[in-house]
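[1] Just to be clear, the model below is a prediction. Sequence and coordinates:
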Amino acid sequence: MVFGIILILILTSMKSFGMNNFFLTCLFLLGTGSIFAQRNLAANYFSKDTVIQHKTDETFKKLNDSERVAQLIMPAIGAYGMEEHEIDKLVENNLIGGILLLNGTKNQFKAWTTKYDSINKANHSLPFLYSADAEPTLVNRKMKGSKTVKKATEIHSEEEVITVAQTISSDLNETGVNYNFAPVVDVSSNKTVGYRGFGAEPENIIPFSKAFIRETQDNNIIATAKHFPGHGLVSGDTHKSLQVINGELKELGNYPPLIADSVLSIMIAHIAVTNNKQFNTNGLPATTSHKIVTELLRDSLQFKGLIVTDAMNMGGVVKVEDCYVKAIGAGCDILLMPVDPVKAHAQILAKYQSDPVFKRSVDASVKRIVRMKISMGLL
């Protein structure tokens, strides 16, 4: 029976797509399942697997321009996010590619992912990336009813890090969340972010972050190092206003070891850089700076994963003219919490259809997102 089904699929592939796809179909049917089972999420995403690449390309080709742009947009639901009926409309109109579950109960998180999975399936839309700020310090407040874990500043060994990451990942898997905006890899000086990371003892930042990232991604959840290029040594709060790194990017060194250890996502902070000849952002936040996002993170540090903005409703970016287009043009893959997702989609789509350079950059971002969804087993 199984052999018969396989044979029918192979013959269909030969007839519909030609010999090249015939061989890829054979590889997929006969070997992909076992290969995927043996590799974790990061290994799948960063692999040179021809089947994953082929499926990425084929999925991308099936998307129209509007659907491609939608993949870049991730609004939030819950307290301080959008109302559920507003998200419903965005999902029904296929204008977004994921949702940040910002605040709520564990049961609410599960209900939301179940609901929107059902709508996407009925509409033949791509499945979502569901994100959460499930940092050790915040998770029990952001997702009420989640299992109690130690705050980041209370963790003193890699073993404790692994235990906390396992507990958080278990809750996320139970709710359907597949993208964690953690860990914070900033040093502890800044009052807004410092208490949320492992920077109380600077020598722990990299090993503890590595342990958290590995355990998270071994549980098929994207981990995110934040806030690039460093939020720990500025004095203020980017939620309220633009903050500035004056001179050297002193926290930049935290990122290459995490990139080498296969972190899948990095979040960009709404922080300007001044008095730095190479990476001056000219008074704009790093989120909108091609020098920071593409030239530094993508090209110089060779990061190949997903680049996500910090929330686009924050004071550090919200007043920047055309901030949505600027952030995507800078090289960000995911626009997080735009104040007006419909406007963001329309502006990015217009630029996508009129600017070939912008279009190539967006296409690369969409392919990274699609590849991630395939690597996770969502597609």
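    Arrived safely.
[2] Would you mind giving the secondary structure of the spatially closest residue to residue 265 that is not a sequence neighbour?
    Leaving aside its sequence neighbours, residue 265 sits nearest to residue 224 (CB to CB, 6 or more residues apart in numbering; 4.0 Å). For every residue, glycine as well, the C-beta is placed using N, CA and C. At residue 224 the chain is in strand, as set by DSSP: H, G, I helix; E, B strand; the rest coil.
[3] and if you look at residue 95?
    Quick answer, by three-state DSSP: residue 95 is coil.
[4] Give the phi and psi angles for it, as a check.
    When read as degrees, to the nearest 10, the backbone of residue 95 gives phi -110, psi 0.
[5] is it true that residue 204 lies in a strand?
    No - counting by three-state DSSP, residue 204 falls outside a strand, being helix.
[6] Can you verify my assumption that the residue nearest to residue 265 contacts residue 178?
    No - between residue 224 and residue 178 there is no contact under CB atoms under 8 Å: 11.9 Å.
[7] Looking at those two, which has the bigger crowd around it?
    Ranked by neighbour count (other CB atoms under 10 Å), residue 224 and residue 178 place residue 224 first, with 28 against 25.
[8] now that one: how far from residue 313?
    Going from residue 224 to residue 313 by CB to CB, to the nearest Å gives 18 Å.
[9] Which parts of the stretch 201-350 of the chain are strands?
    222-228, 243-246, 265-268, 271-274, 306-309, 335-336 (DSSP state E, counting those that start in this stretch).
[10] Save those as a markdown table, and put in distance to residue 159 and mean pLDDT too.
    Formatted as a markdown table, the strands of the stretch 201-350 of the chain follow (distance: least, CB to CB, whole Å; pLDDT from 0 to 100):
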| stretch | distance to residue 159 | mean pLDDT |
| --- | --- | --- |
| strand 222-228 | 18 | 96 |
| strand 243-246 | 34 | 89 |
| strand 265-268 | 25 | 98 |
| strand 271-274 | 33 | 94 |
| strand 306-309 | 29 | 98 |
| strand 335-336 | 32 | 98 |
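[11] and of those strands, who's closest to residue 368?
    Closest to residue 368 of the strands of the stretch 201-350 of the chain is strand 306-309 (CB to CB; 5.9 Å).
[12] centre of the chain versus the closest one, how much separation?
    Its chain's C-alpha centre lies 5 Å from the corresponding centre of strand 306-309 when counted by CA atoms, centre = their mean, to the nearest Å.
[13] what angle sits between the longest helix along the chain and strand 222-228?
    The longest helix of the chain (DSSP state H) is helix 356-375. Inter-element angle recorded for helix 356-375 and strand 222-228: 140 degrees (by axes from the mean of the first three to the mean of the last three CA atoms, to 10 degrees).
[14] how about helix 356-375: buried residues?
    Buried residues in helix 356-375, counted by 16 or more other CB atoms under 10 Å: 358, 361-362, 365-375.
[15] packing partners for it?
    helix 41-46, helix 50-62, helix 65-70, strand 129-132, strand 306-309, helix 323-330, helix 341-352 (3 or more CB pairs under 8 Å, 6 or more residues apart in numbering; DSSP states H and E).
[16] swap the cut-off to 7 Å and go again
    Here helix 356-375 touches helix 41-46, helix 50-62, helix 65-70, strand 306-309, helix 323-330, helix 341-352, going by 3 or more CB pairs under 7 Å, 6 or more residues apart in numbering; DSSP states H and E.
[17] tell me the most buried of these?
    Each of those was scored by mean neighbour count; the highest is strand 306-309, a mean of 27, by mean count of other CB atoms under 10 Å.
[18] Convert the C-alpha atoms of that strand to CSV, please.
    In CSV, the C-alpha atoms belonging to strand 306-309 read as follows (Å, rounded to 0.1, in the frame of the first residue of the first chain):
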residue,chain,number,x,y,z
LEU,A,306,16.2,35.8,10.5
ILE,A,307,16.7,39.4,11.4
VAL,A,308,13.7,40.9,13.3
THR,A,309,13.1,44.5,14.3
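[19] which residues touch it?
    The contact list for strand 306-309 (CB atoms under 7 Å, 6 or more residues apart in numbering) reads 224, 264-268, 287, 293, 297, 327, 331-336, 368-369, 372.
[20] Then stretch 222-231?
    Contacts of stretch 222-231 with the rest of the structure, by CB under 7 Å, 6+ apart, involve 178-186, 190, 193, 209, 212-213, 216-217, 238, 245, 249-252, 255, 258, 263-269, 271, 286, 292, 297, 308, 310, 372.
[21] Stretch 106-123 too?
    So stretch 106-123 is contacted by 77, 91-92, 94, 99, 101, 126-128, 130, 143-146, 171, 174-177 (CB under 7 Å, 6+ apart).
[22] Just the buried ones from those?
    Those of those that meet the buried threshold are 77, 91, 94, 99, 101, 126-128, 130, 143, 146, 171, 175-177, by 16+ other CB under 10 Å.
[23] Can you show me the helices along the stretch 151-300 of the chain?
    Remark: helices assigned in the stretch 151-300 of the chain by DSSP state H, counting those that start in this stretch are 158-175, 205-218, 255-260, 290.
[24] Let me see the mean pLDDT of the longest helix of the chain.
    Helix 356-375 shows a mean pLDDT of 98.
[25] So residue 138 versus residue 96, what's the distance?
    23 Å.
[26] Comparing these two, which residue is more hemmed in?
    Shown here are residue 138 and residue 96; by other CB under 10 Å, residue 96 has more neighbours (26 against 19).
[27] okay but the more buried one is in contact with residue 76, surely?
    No - taking contacts as CB atoms under 7 Å, residue 96 lies outside contact range of residue 76: 10.7 Å.
[28] Now do the same for residue 26: its pLDDT.
    So residue 26 comes in at 46 (pLDDT).
[29] so which of the helices of the stretch 151-300 of the chain gets nearest residue 81?
    Closest of the helices of the stretch 151-300 of the chain to residue 81 is helix 158-175, at 15.8 Å (criterion: CB to CB).
[30] Which secondary structure elements does the closest one sit against?
    The contact analysis (3+ CB pairs under 7 Å, 6+ apart) places helix 158-175 against helix 106-123, helix 205-218.
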